[in-house]
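In: Structure for this input, please:
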Amino acid sequence: MILTANTVAKLLDHSTLQPFLTQEDIRKGCELALKYNTATVCARPQDMPLVSSMLKGSGILPCTVIGFPHGSHTMEAKLFEVKQALKDGCEELDMVINIGRMLAGEYDYVEKEIKMLADASHDGGAILKVIIETCFLSDEQKVKACQLSEAAGADFVKTSTGYGTAGAKIEDVKLMRQTVSERVRVKASGGIRNLDTVLSAYAAGAARCGVSATEAIMVEAIKREAEGTLILPENLTEMSGGY
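Out: Residues are numbered from 1 along each chain as shown. You can find the predicted model right below:
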């Protein structure tokens, strides 16, 4: 299957989540996303006014994170974050589940929290991605987390924050894609630093990839498109690590 560089760009949520980034760094991140026409810029909650203003009218969506990176905020705190992000122009929200509650088997709590945030996101015209943080879960728990997310109305399930003990893995992307219906998309994040891993994630079923190495990925995609070699890989490349 031959792809275009623009297809690759629209797989990318350009990540600007590191705690040390300045407002000038965020501006440069938005400029980079505008240069390549990525799907979103995924920035910290405090950056949403700047990001939404810079991306206005571009078709690139402002995205932020909720309960990030540990997921241990109260439901009420996460809900406040969602409502504030929507006021600040956010159109996609990536929430972290309460990992401890998930590991304890408190599924009613996990589903209730996701539903609360999904409903609030949808009421504000935004979509919700649910980060299940696969590095801490067994395969059985990954499946359950995906099922809870879909039942609660989530739009995406997402592998990782990039700040756990490991990032996205191809087998997890496949498992998540097999678990949820076609209504729910899959996002891979953590350890995706080059074009081959983006293509591998896409081939495994990911509709989005969270990346900060956008420039390197897109330079390579444009080069391969010109050569006629921008194709899906036969052998999928594993991913590991964080942002």
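
In: all contacts plus neighbour counts: C-alpha atoms, from now on.
Out: OK.

In: Mind giving me the packing neighbours of the helix ranked longest in the chain?
Out: Counting residues, the longest helix found in the chain (DSSP state H) is helix 107-123. Applying 3 or more Cα pairs under 8 Å, 6 or more residues apart in numbering; DSSP states H and E, we find helix 107-123 packed against helix 75-87, helix 99-103, strand 127-131, helix 139-151.

In: Same list, these, but as a markdown table with mean pLDDT please.
Out: Below are these laid out as a markdown table (pLDDT from 0 to 100):
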| stretch | mean pLDDT |
| --- | --- |
| helix 75-87 | 98 |
| helix 99-103 | 98 |
| strand 127-131 | 99 |
| helix 139-151 | 98 |
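
In: In JSON lines, list these along with mean neighbour count and distance to residue 17.
Out: Formatted as JSON lines, the helices and strands packed on helix 107-123 follow (neighbours: other Cα atoms under 10 Å; distance: least, Cα to Cα, whole Å):
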{"stretch": "helix 75-87", "mean neighbour count": "19", "distance to residue 17": "15"}
{"stretch": "helix 99-103", "mean neighbour count": "17", "distance to residue 17": "20"}
{"stretch": "strand 127-131", "mean neighbour count": "27", "distance to residue 17": "15"}
{"stretch": "helix 139-151", "mean neighbour count": "20", "distance to residue 17": "23"}
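
In: Can I get the ones you listed in CSV including distance to residue 57?
Out: Formatted as CSV, these follow (distance: least, Cα to Cα, whole Å):
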stretch, distance to residue 57
helix 75-87, 17
helix 99-103, 36
strand 127-131, 18
helix 139-151, 30
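
In: Now do the longest helix of the chain against strand 127-131, angle only.
Out: With axes from the mean of the first three to the mean of the last three Cα atoms, to 10 degrees applied, the angle from helix 107-123 to strand 127-131 works out at 150 degrees.

In: Give me the contact list for helix 107-123.
Out: The contact list for helix 107-123, computed with Cα atoms under 8 Å, 6 or more residues apart in numbering, reads 75, 78-79, 82-83, 86, 93, 97-98, 101-102, 127-128, 130, 148-149, 151-154.

In: about what we covered before: of all the helices and strands packed on helix 107-123, which one is nearest residue 209?
Out: Nearest to residue 209 among the helices and strands packed on helix 107-123 is strand 127-131 (12.0 Å), distances taken as Cα to Cα.

In: Now do the closest one: which elements does it pack against?
Out: Strand 127-131 sits against strand 92-96, helix 107-123, strand 156-158, with contacts defined as 3+ Cα pairs under 8 Å, 6+ apart.

In: which of those sits most buried?
Out: Highest mean neighbour count among these (mean count of other Cα atoms under 10 Å): strand 156-158, with a mean of 28.

In: For residue 242, report the pLDDT, please.
Out: We have a pLDDT of 43 for residue 242.

In: should've said residue 136
Out: For residue 136, the model assigns a pLDDT of 98.

In: That one: what's it in contact with?
Out: Counting by Cα under 8 Å, 6+ apart, residue 136 makes contact with 99, 165.

In: Pop out the phi and psi values for residue 152.
Out: Backbone torsions of residue 152, given as degrees, to the nearest 10, read phi -80, psi -10.

In: whoops, I mixed them up, residue 189
Out: For residue 189, the backbone dihedrals (degrees, to the nearest 10) come out as phi -150, psi 150.

In: so how many other residues sit close to it?
Out: 33 (other Cα atoms under 10 Å).
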